[in-house]
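Enquirer: Mind folding the following:
(4 chains)
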2 protein chains.
Amino acid sequence: MEPEKNNLRYVPKSVIKRLALYCRILHRIEMDGLTRISSKILAQFLGITPAQVRKDLAYFGQFGVPGFGYNPHDLRIHLKKILGTDRIINLAIIGVGNLGKALLSYVGFKTQGFKFIAAFDLDQRKVGRKINELKVSSINELEKILKDSDVDIVVLTVPANAAQEVVDRLVKCNITAILNFAPIRIDVPSHVRIHSVDLAMELERLSFYLR
Amino acid sequence: MEPEKNNLRYVPKSVIKRLALYCRILHRIEMDGLTRISSKILAQFLGITPAQVRKDLAYFGQFGVPGFGYNPHDLRIHLKKILGTDRIINLAIIGVGNLGKALLSYVGFKTQGFKFIAAFDLDQRKVGRKINELKVSSINELEKILKDSDVDIVVLTVPANAAQEVVDRLVKCNITAILNFAPIRIDVPSHVRIHSVDLAMELERLSFYLR
DNA sequence: TAGATTGTTAATCGATTAACAATC
DNA sequence: TAGATTGTTAATCGATTAACAATC
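Expert: Prediction:
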C-alpha cells in the first residue's frame, strides 16, 4: 500500500510534474474530438510507459473503466481539481525588469488560468507605470498591498542579491508559494514552497552534451 | 564499477544538474577568499549529503586531497571544463517576442559566458531592428545564416504551433542543442538534446501545494 | 461471451546514503 | 603521529516497469 495515500503532500514530485503534462495532452485529445483514451496511447504521447500513467493516477483515485480506458474530458477535469488549477490562480510579480515585463504579458499564463493582480519594483521611476493594464507598485507597499489581496503565488524576478531579503518579507506576509527566477539558493521555512527556474543553468547543462 | 565510466554521456542527468550548482557555490567560496572546502561544507550549501558530492565528482576523476578537501578554484575550473563552459558558448534565438527580447538582454547569460550571435523572427516589422546590439534577421534566412555561424545552442521562443516546424529546420542545420520555451512536446532525433522550460507548468505544479 | 484495459501487487532498476579503508 | 577527509564499495531507499487478476 502507498504510504499516506490520503495525504496529497506525500505524492512524489515526479508524479505532480506529469499531472500537468497529462492535462495538456488530454486537452489536445479533447479538441480532436476523441471520447476515449487508453493509458497506452496517453503514455505514447508522453514517451513514458502505460504502467506509469496508471500508477500516477492511482495516487488520487480510480478514473478509468477496465476494458475501455478513460474519458479525456472527465479525466482532465479531475486532474485540474487535483492540481488546484480548476479556478483562477492569482499572481503577484516582484521586479519589473525585462524578464518581469515579459512574464507579465506572457499569454501562456493567461490561457492556463493565471492572473497577475499585483506588480512591485524598487525603482521609483517604474512605480505608477502600467504594464499590461497592471499598475506597478512600490516595493515599500509590499506588505500593505499583499495583506488585503488574494495572491496565491509570487513570481520573483529580482536581482540575485535582493532575492533572499524579499522572500523573507513574503514569508512574513503568509505567502506560501514562490516561483523564483533569481539564480541563487533561497532559504524558506518548510511550509513554503519555492520552485526555482535558473535560465543560465539550463544552458550550462546543455553545454555538457555539446559533443 | 560504474558502467561506461569514460563515456560522459552516461553520467546521470541529476549529476549534470548538480555540476552547474557546484560551480556557482565554488565561485562564491572563491570570492570569500577561502582556499579549501570539504565535501561536507559544500553539501551543506546545497542541502544534500557529503557522500553525494563525492560520488558526483567521482564520475569524472579525483579532485580532492584525502584529509584536506578540495581547492575551490581548481575544482571549479575542472567542473567548467567538464560542463564545456570554459569557453564562450554562442547562442541564437528564434522568436523575438516579449520573452525573446527579455532573454536577449538577460545579464545572467552574459556573466555565465553565453553570447547571442543571431536572432530571428517571422514578423517582417521586427526584421532589421536591433535589440541589445544584435540585428534581428528574417526566419527565411535561418539556414543561410546558421550555415556560416558557430551557433552552439538555439533558444526557442516561438509560439507552440510553430515550434516543431522550426526545430525540424534547426536539426537539418546540424544544431544539436535547443533550449525550448514553447509549451509543447517536440520530437527530435536522438543525437539532438532539447531541454524545455515550461513556465506555466511550473505554476501549475506550485498550485498543487497551495494548502 | 471474448477482447480489451484497468488498478494493483511484485520485481526491477537506478539513484542516494552509509560506512570505511586509504591517505594526506 | 593523530586527525581529518577523500574515493569507493555495499546497503538502502524510492521510483519505474512488468505482470496479472478483476471487470467492463
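Enquirer: I'd like the distance between A:Thr49 and A:Arg18.
Expert: Per C-beta to C-beta, to the nearest Å, A:Thr49 is found 12 Å from A:Arg18. Heads up, the C-betas are built off the backbone N, CA and C, glycines and all.
Enquirer: nope, A:Ile29 is what I meant
Expert: Between A:Ile29 and A:Arg18 the distance is 16 Å, computed by C-beta to C-beta.
Enquirer: now swap in A:His73 and tell me
Expert: 19 Å.
Enquirer: Over to A:Thr85?
Expert: Applying C-beta to C-beta to A:Thr85 and A:Arg18 gives a distance of 15 Å.
Enquirer: ok but A:Ala119 is inside a helix, no?
Expert: No - A:Ala119: not assigned to a helix; according to DSSP: H, G, I helix; E, B strand; the rest coil it is strand.
Enquirer: What is the neighbour count of A:Ala160?
Expert: The number of residues packed near A:Ala160 is 15, by other C-beta atoms under 10 Å in any protein chain shown.
Enquirer: shouldn't it be in contact with A:Arg185?
Expert: No - the pair A:Ala160 and A:Arg185 does not pass the contact test of C-beta atoms under 8 Å, sitting 9.9 Å apart.
Enquirer: ok, back up a step: for A:His73 and A:Arg18, indicate the residue with more neighbours.
Expert: Higher neighbour count among A:His73 and A:Arg18: A:Arg18, with 18 against 14, using other C-beta under 10 Å.
Enquirer: Wait, that one touches A:Ile48, no?
Expert: Yes - judged on C-beta under 8 Å, A:Arg18 makes contact with A:Ile48 at a distance of 7.5 Å.
Enquirer: mind listing the strands in chain A by residue range?
Expert: Along chain A, the segments classed as strands by DSSP state E run A:89-94, A:114-121, A:130-131, A:134-138, A:153-156, A:177-180, A:193-196.
Enquirer: Using a markdown table, please lay out those strands together with mean neighbour count, mean pLDDT and distance to B:Arg193.
Expert: Formatted as a markdown table, the strands of chain A follow (neighbours: other C-beta atoms under 10 Å in any protein chain shown; pLDDT from 0 to 100; distance: least, C-beta to C-beta, whole Å):
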| stretch | mean neighbour count | mean pLDDT | distance to B:Arg193 |
| --- | --- | --- | --- |
| strand A:89-94 | 23 | 98 | 31 |
| strand A:114-121 | 20 | 98 | 29 |
| strand A:130-131 | 13 | 96 | 34 |
| strand A:134-138 | 17 | 98 | 37 |
| strand A:153-156 | 24 | 98 | 28 |
| strand A:177-180 | 24 | 98 | 25 |
| strand A:193-196 | 18 | 95 | 21 |
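Enquirer: Now distance to B:Leu104 too, for the ones you listed, in TSV please.
Expert: Below are the strands of chain A laid out as TSV (distance: least, C-beta to C-beta, whole Å):
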stretch	distance to B:Leu104
strand A:89-94	20
strand A:114-121	21
strand A:130-131	18
strand A:134-138	22
strand A:153-156	20
strand A:177-180	22
strand A:193-196	22
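Enquirer: Quick check: which of those is nearest to A:Ile25?
Expert: strand A:114-121 (19.7 Å; C-beta to C-beta).
Enquirer: and the closest one, what does it pack onto?
Expert: The elements that strand A:114-121 packs onto, with contact taken as 3 or more C-beta pairs under 8 Å, 6 or more residues apart in numbering or on different chains; DSSP states H and E, are strand A:89-94, helix A:98-104, strand A:134-138, helix A:142-147.
Enquirer: Distance to B:Val155 added to those, as JSON lines?
Expert: JSON lines is the format used below for these (distance: least, C-beta to C-beta, whole Å):
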{"stretch": "strand A:89-94", "distance to B:Val155": "22"}
{"stretch": "helix A:98-104", "distance to B:Val155": "13"}
{"stretch": "strand A:134-138", "distance to B:Val155": "27"}
{"stretch": "helix A:142-147", "distance to B:Val155": "32"}
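Enquirer: how about the ones you listed, which one is nearest DNA strand D?
Expert: strand A:89-94 (25.1 Å; C-beta to the nearest atom of the strand).
Enquirer: Which residues does the closest one contact?
Expert: A:100, A:103-104, A:109, A:113-121, A:139, A:142, A:146, A:149-158, A:166, A:170, B:203, B:207, B:210 (C-beta atoms under 8 Å, 6 or more residues apart in numbering or on different chains).
Enquirer: got it, and stretch A:195-207?
Expert: For stretch A:195-207, contacts defined as C-beta under 8 Å, 6+ apart pick out A:178-183, A:185-186, B:16-17, B:19-21, B:23-24, B:83-85, B:89, B:91, B:103, B:106, B:108-109, B:111-112, B:114, B:152-153, B:177-179, B:193, B:195, B:197, B:199, B:202, B:205-206.
Enquirer: Contact partners for the closest residue to A:Ala160 other than its chain neighbours?
Expert: Nearest residue to A:Ala160, sequence neighbours excluded (C-beta to C-beta, 6 or more residues apart in numbering or on different chains): A:Ile184, at 4.2 Å. Going by C-beta under 8 Å, 6+ apart, A:Ile184 touches A:160-161, A:163-164.
Enquirer: and A:Ile184, how far is that from B:Leu103?
Expert: According to C-beta to C-beta, A:Ile184 and B:Leu103 sit 19 Å apart.
Enquirer: Quickly list what the residue positioned nearest the centre of chain A is bridged to.
Expert: Nearest residue to the geometric centre of chain A (C-alpha atoms, centre = their mean): A:Leu179, 7.6 Å. Counting by DSSP bridges, A:Leu179 forms beta bridges with A:Val155, A:His195.
Enquirer: quick one: the lengthiest helix in chain A near DNA strand D?
Expert: Scanning chain A for the longest helix, with DSSP state H as the assignment, gives helix A:13-31. Yes - contact of helix A:13-31 with DNA strand D (C-beta under 7 Å from any atom of the strand) involves A:13-15.
Enquirer: want to try JSON lines for those, with distance to DNA strand C and pLDDT as columns?
Expert: Putting the residues of helix A:13-31 next to DNA strand D into JSON lines (distance: C-beta to the nearest atom of the strand, whole Å; pLDDT from 0 to 100) gives the following:
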{"residue": "A:Lys13", "distance to DNA strand C": "12", "pLDDT": "91"}
{"residue": "A:Ser14", "distance to DNA strand C": "11", "pLDDT": "94"}
{"residue": "A:Val15", "distance to DNA strand C": "12", "pLDDT": "96"}
